[in-house]
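**Q** Build the 3D model from these lines:
(chains A, B, C and D)
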2 protein chains.
Amino acid sequence: MTTPAQGLHPHVLTALGLAITAGEYPPGSVLRTDELSQRFDVSRTVVREVVRVLESMHLVESRRRVGVIVLPTASWNVYDPQVIRWRLAGADRPRQLRSLTVLRSAVEPVAAGLAAAHATPEQCRELTEQALGMVATSRGRQLEAYLVHDIAFHRVVLNASGNEMFARLGDVVAEVLTGRTHHQVMFEDPDPAAVTLHVQVAEAVRERDAVRAEELTRQIAVGALKELDVLAP
Amino acid sequence: MTTPAQGLHPHVLTALGLAITAGEYPPGSVLRTDELSQRFDVSRTVVREVVRVLESMHLVESRRRVGVIVLPTASWNVYDPQVIRWRLAGADRPRQLRSLTVLRSAVEPVAAGLAAAHATPEQCRELTEQALGMVATSRGRQLEAYLVHDIAFHRVVLNASGNEMFARLGDVVAEVLTGRTHHQVMFEDPDPAAVTLHVQVAEAVRERDAVRAEELTRQIAVGALKELDVLAP
DNA sequence: GTGACATAAAAGTCATACTTTTTGTTCCCG
DNA sequence: CGGGAACAAAAAGTATGACTTTTATGTCAC
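**A** The predicted structure follows:
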């Protein structure tokens, strides 16, 4: 299964990144650039660039006279969106989804509280719009449309928090929500209680009620965690 | 001011990384590899590897027939420890410290709650030890020694949470605490109230009291935020 | 057994030649 | 005068070969 890509560098990078994050090479494994260049049928130049990138993600370490050593999971840059995507595509996706959801449960309530304080009128409007969109698509098997609004909603909250670190988690949340919808058994429509909570969060932010926005978002997070427990105990 | 480094690649990487994160090149600026290779007196090979790494951090984007374009802050990988270090070394260090502290305030309480549930006896012991170390060094201008215990304490909590994403924030917390101690006016010994709170957190974790551990850690976080407000309003 | 030393293996660096993509320009035709 | 198509140049992307540097490892003398 060769990964499709426009250039050689992206091709080799994703191939190696996927293989390593999938645990195909256990920590301590040694790769050599010449061997890789042969295997992928590219020049050493390309391989070296790829290795440098993997090194910056702390997936591997390059040592003279030894080769390219695969590092243990503990040292990986698990916040790198690229790494997250690779891992979500692999086997320990459930574990990954869980740890990301826990992260969400910590961050999003605080972000919502800040959003209540800092959101611009435009952001309030957008938030309400997405919440209403969720309501509209919450019944009758419109899961894909619902997902779009759900992602947009959470992204607005994170952006409106005014905190750069929170804002950058928008992609992570998008991955998690997408994963949940696509991967898990989604015969049923979304939980009506959750939908209501989203509407109420939009309300709280609009009314500048930080405490309420935080608490309501915390309830959403608790719901998401419970959902995980049901499906992967 | 050439940055010291063992290899050529790290040298050029840190030089460029620092320059870009410092805003020396405004977003949209265009660099050319030939020019860079001349400026740093290294081969194009080295420059290309560096550019690829910067590209993976979303600091720049390389386009054919155009050059290497500096991207706006919004697209940077702000969770990359390397990027964090570069930015903390630069001019908007205060803003950076604030956003990282807010992140801490969201994550650490939840992590402490989880730690109360998951910490091994060894981790409990370590936690208590570090808390006692903080007490012992909290008076008489032993700020450096205190810092070591402080960092170790928070690192143990994050690790003990059992959540990979939390654990990887240990380095970030270390940077923030170090920055606070070294950068700010630290004529006074640490706040005794904060020291006490740390001891109590260790206690709560030992007693498996998740709610209390979370609440106490939240108080520590609130204190840290207040401290920031005093010094950079 | 221990320590100094030699060897070789692999990454690191460099220079150069060539390919590919993209953009800006020019020129022709309507 | 305007628009579009062909063209040319610029810069990144790729490939290759030669050389340097570091360092693990084996060897030999003591």
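
**Q** Just give the number of residues close to residue A:112.
**A** When neighbours are counted by other C-beta atoms under 10 Å in any protein chain shown, residue A:112 registers 30. Glycine gets a C-beta too; all of them are placed from N, C-alpha and C.

**Q** likewise residue A:140?
**A** Residues lying near residue A:140 (other C-beta under 10 Å) number 10.

**Q** Counting neighbours, what do you get for the spatially closest residue to it that is not a sequence neighbour?
**A** Sequence neighbours aside, residue A:189 is the residue nearest to residue A:140 in space, at 7.1 Å (criterion: C-beta to C-beta, 6 or more residues apart in numbering or on different chains). Residue A:189 is flanked by 15 other residues according to other C-beta under 10 Å.

**Q** Can I get the worst-scoring helix or strand of chain A on mean pLDDT in CSV, CA atoms only?
**A** The least trusted helix or strand in chain A, going by mean pLDDT, DSSP states H and E, turns out to be helix A:170-183, with a mean of 89. C-alpha atoms of helix A:170-183 as CSV (Å, rounded to 0.1, in the frame of the first residue of the first chain):
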residue,chain,number,x,y,z
GLY,A,170,-9.4,23.1,16.9
ASP,A,171,-7.9,20.6,14.5
VAL,A,172,-7.6,18.0,17.3
VAL,A,173,-11.2,18.4,18.2
ALA,A,174,-12.2,18.1,14.6
GLU,A,175,-10.2,14.8,14.3
VAL,A,176,-11.8,13.4,17.5
LEU,A,177,-15.4,14.3,16.4
THR,A,178,-14.8,13.0,12.9
GLY,A,179,-13.4,9.8,14.4
ARG,A,180,-16.3,9.3,16.7
THR,A,181,-18.9,9.8,14.0
HIS,A,182,-17.2,7.7,11.3
HIS,A,183,-15.7,5.0,13.4
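
**Q** ok, and for the following helix or strand past that helix, which residues are buried?
**A** Next along the chain after helix A:170-183, taking DSSP states H and E as the criterion, comes helix A:192-206. The neighbour-count check on helix A:192-206 (16 or more other C-beta atoms under 10 Å in any protein chain shown) flags A:194-195, A:197-206 as buried.

**Q** counting contacts, what elements does helix A:192-206 pack onto?
**A** With contacts taken as 3 or more C-beta pairs under 8 Å, 6 or more residues apart in numbering or on different chains; DSSP states H and E, helix A:192-206 sits against helix A:93-118, helix A:121-136, helix A:143-160, helix A:210-231.

**Q** still on that earlier bit, and the least confident helix or strand of chain A, what other elements does it pack with?
**A** Helix A:170-183 packs on helix A:81-88, helix A:93-118, helix A:143-160, going by 3+ C-beta pairs under 8 Å, 6+ apart.

**Q** can you give me the angle the longest one makes with helix A:81-88?
**A** For helix A:93-118 against helix A:81-88, the angle by axes from the mean of the first three to the mean of the last three C-alpha atoms, to 10 degrees is 140 degrees.

**Q** gap between helix A:93-118 and the chain center?
**A** 11 Å (C-alpha atoms, centre = their mean, to the nearest Å).

**Q** re the thing from before, figure out which of the helices and strands packed on helix A:170-183 is closest to residue A:12.
**A** helix A:81-88 (13.6 Å; C-beta to C-beta).

**Q** which residues are contacting stretch A:145-163?
**A** A:107-108, A:110-112, A:114-115, A:117-120, A:123, A:126-127, A:130-131, A:133-134, A:137-138, A:166-167, A:169-170, A:173-174, A:177-178, A:181, A:190, A:198, A:201-202, A:205, A:217, B:99, B:102-103 (C-beta atoms under 8 Å, 6 or more residues apart in numbering or on different chains).

**Q** Chain A against chain B: which residues are in contact?
**A** A:9, A:45, A:48-50, A:52-53, A:55-57, A:73-74, A:77-82, A:99-100, A:102-103, A:105-107, A:109-111, A:114, A:163-168 (C-beta under 8 Å from any C-beta of the partner chain).

**Q** if I look at the residue nearest the centre of chain A, how far off is DNA strand D?
**A** With distances taken as C-alpha atoms, centre = their mean, residue A:172 lies nearest the centre of chain A, 2.4 Å away. To DNA strand D, residue A:172 is 27 Å away according to C-beta to the nearest atom of the strand, to the nearest Å.

**Q** same deal with residue A:90?
**A** 25 Å.

**Q** same deal with residue A:104?
**A** 34 Å.

**Q** my guess is that residue contacts residue A:221, does it?
**A** Yes: Residue A:104 is within contact range of residue A:221, at 6.2 Å (criterion: C-beta atoms under 8 Å).

**Q** Those two: which is more packed in?
**A** Between residue A:104 and residue A:221, residue A:104 has the larger neighbour count (other C-beta under 10 Å), namely 24 against 21.

**Q** Checking the nearest residue to residue A:19 once chain neighbours are set aside next. Helix, strand or coil?
**A** Once flanking residues are discounted, residue A:19 sits nearest to residue A:25: 6.5 Å by C-beta to C-beta, 6+ apart. Assigned by DSSP: H, G, I helix; E, B strand; the rest coil, the conformation of residue A:25 is coil.

**Q** what sits against residue A:25?
**A** A:19, A:31, A:70.

**Q** need the contact list for residue A:24.
**A** Per C-beta under 8 Å, 6+ apart, neighbours of residue A:24: none.

**Q** And it, how close does it get to chain B?
**A** For residue A:24, the distance to chain B equals 19 Å [C-beta to the nearest C-beta, to the nearest Å].

**Q** Phi first, then psi, for that residue.
**A** phi -70, psi -30 (degrees, to the nearest 10).

**Q** Next one: it, what pLDDT does it get?
**A** At residue A:24, the model reports a pLDDT of 97.

**Q** what pairs with residue A:63 across the strands?
**A** Counting by DSSP bridges, residue A:63 forms beta bridges with residue A:67.

**Q** Can you get me a residue count around it?
**A** When neighbours are counted by other C-beta under 10 Å, residue A:63 comes out with 10.

**Q** correct me, but it touches residue A:69?
**A** Yes: when contacts are counted by C-beta under 8 Å, residue A:63 is listed as touching residue A:69 (6.2 Å).

**Q** For chain A, which residues score under the pLDDT cut-off?
**A** Scanning chain A with the threshold set as pLDDT under 70 gives A:1-5, A:184-187, A:231-233.
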